[in-house]
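Student: Could you look at this predicted model? Sequence included:
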Amino acid sequence: MIESDVLVVGGGLAGGTAALSAAREGADVRLVSHKESTLRHASGLIDVLGYHDGTLLADPFSAVGDMPEGHPYERVGSAAVEAGLDLFDEVAGDLYAGSHTTKNALVPTHGGTVKPTARYPASVAPGLASDDGEMLLVGFETLTDFDAPLAADHLQNAGVPFEVRGVTARFPMLRADAKITRYAKVLDTDEKGIRSQLVEAIEPHLGDATRVGFPAVLGHDHPARVREALADALGADVFEVPSGPPSLPGMRLEDVLFAVLREAGVTIETGNPVVGFEASDGRIDHVAVKRTHQRVPYFADEFVLATGGLVGKGITTSREGVREPVFDLHVPHPENRYDWFEDEAFGDHPFARFGVAVDTDLRPLDGSGAVEYANLRAAGGVLGGADFAAEKSGSGISLATGRVAGRRAAQS
Ligand SMILES: Cc1cc2nc3c(=O)[nH]c(=O)nc-3n(C[C@H](O)[C@H](O)[C@@H](O)COP(=O)(O)OP(=O)(O)OC[C@H]3O[C@@H](n4cnc5c(N)ncnc54)[C@H](O)[C@@H]3O)c2cc1C
């Protein structure tokens, strides 16, 4: 019989944080996840709160305590948001920079905009828009998502306090259809002296630039080593411009998170979906995991749902309405589909906030506001009440609610 103290469904940032937090409370934890999480597709930037009521925030914590009732931050409280970020700093270690400040950093994006974020990979640090060294952005003919000259123009027009130029170079050796992991691999191993070939291609464009930004492909296993070698040869700081999907910074973060989970004794099972459950007396008894053609019961005392939001299908929409597909939880939403959207494309769309409503213990609530199952909690993108894309709050919500859900599950 497959049995654990805590079973976490979903292996993204929220599920991983919940599993780690429960394991650290001494629980026997199993994490079951179906497909890749948004970690591998997101930029690797850890947003806590970039905007509040449309205003850019210098300090992400200045408005965390002002969120409306039902927002995940309101449910868990500001201290939990800070504790979630502390946990992240500990897990990410040298892979990330920025833990020295409580302020949002302004990070240039591959589109040439500037994004406020609470934590950024160390590989991104020399590219911050608040520094003033002259910048050269380098794109590659074969990676068409990053148009470096265009991004440079956008940044300059946005009024950044430094000169910025962009150039498109040829990446030696690789074919047009090479995956970004292949770029990272040849740079990791310095295959056929690729780093020197790259430097030769870029040097004529360097001019007075003191920092050079590349798409985020500078190594998977040894990113610091790759950056250092390029920086030494170019005589300038080297940084990555967050890009994706898919995203190397996200993959590096996932590697680190899963290594820490294994070290903490969490049993991780990926590739199989949870497809059903049995409940009695207001408690989940077990979930059914689809393995080959069988439905295998997984028993646990406590469950954490961390299956993500609309993008990852943790929440689904159809003509019949909005659903949470694993436990068939109630998802508050207007009956009339026309009320899901605003007329304006970039308006304040209600659908962006769709998700499960929870009590302050993160237990999902039914249509009458009563707890659905006493031993089920929800965390991360599956929660409603936040528009993570507009607020720039996605990772902060996953960290804060994942930590609270995992700890409470283990303590119950
Ligand atoms: C393209 C993109 C870019 C983003 N950029 C940023 C950014 O720059 N900064 C930021 O802070 N946030 C960003 N976000 C938001 C951020 O990634 C999310 O808010 C995130 O943290 C949500 O994590 P999660 O763990 O809740 O869900 P997810 O990452 O979606 O993970 C859910 C997991 O659950 C699994 N799952 C789903 N259903 C089942 C099932 N039935 N059985 C088993 N497993 C299941 C999925 O396979 C997946 O592994 C971005 C999101 C996207 C999509």
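Tutor: Good, I have the coordinates.

Student: Can you list the strands that the longest strand along the chain pairs with?
Tutor: The residue-count maximum for a strand in the chain (DSSP state E) belongs to strand 294-305. In the sheet, strand 294-305 lines up against strand 2-9 (parallel), strand 283-291 (antiparallel), strand 376-378 (parallel) (DSSP bridges).

Student: of those strands, which approaches the ligand most closely?
Tutor: Distances from the ligand to each of the strands paired with strand 294-305 were compared by Cβ to the nearest ligand atom, and the smallest falls on strand 2-9, at 5.1 Å. C-beta here means a position set from N, CA and C on the backbone, and glycine is covered the same way.

Student: send the alpha carbons of the longest strand of the chain over as PDB?
Tutor: Taking C-alpha atoms only, strand 294-305 is exported to PDB below (Å, rounded to 0.1, in the frame of the first residue of the first chain):
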ATOM      1  CA  GLN A 294      -4.200   1.300 -13.700                       C
ATOM      2  CA  ARG A 295      -5.600   3.600 -11.100                       C
ATOM      3  CA  VAL A 296      -3.400   3.200  -8.100                       C
ATOM      4  CA  PRO A 297      -4.600   4.500  -4.700                       C
ATOM      5  CA  TYR A 298      -2.200   6.700  -2.800                       C
ATOM      6  CA  PHE A 299      -3.200   7.100   0.900                       C
ATOM      7  CA  ALA A 300      -2.100  10.000   3.100                       C
ATOM      8  CA  ASP A 301      -3.300  11.800   6.300                       C
ATOM      9  CA  GLU A 302      -3.000  15.200   4.700                       C
ATOM     10  CA  PHE A 303      -3.100  16.400   1.100                       C
ATOM     11  CA  VAL A 304      -1.800  19.600  -0.600                       C
ATOM     12  CA  LEU A 305      -3.100  20.600  -4.000                       C
END
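
Student: The helix or strand following that strand near the ligand anywhere?
Tutor: Once strand 294-305 ends, the next helix or strand along the chain (criterion: DSSP states H and E) is strand 316-318. No - under the criterion of Cβ under 6 Å from any ligand atom, strand 316-318 makes no contact with the ligand; the nearest approach is 9.8 Å.

Student: Packing partners of strand 316-318?
Tutor: Contacting strand 316-318 under the criterion 3 or more Cβ pairs under 8 Å, 6 or more residues apart in numbering; DSSP states H and E are the following elements: strand 321-323.

Student: For the strand it packs on, list every residue counted as buried.
Tutor: Within strand 321-323, the residues scored as buried using 16 or more other Cβ atoms under 10 Å are residue 322.

Student: That strand close to the ligand?
Tutor: No - applying Cβ under 6 Å from any ligand atom, one finds strand 321-323 out of contact with the ligand, separated by at least 12.1 Å.
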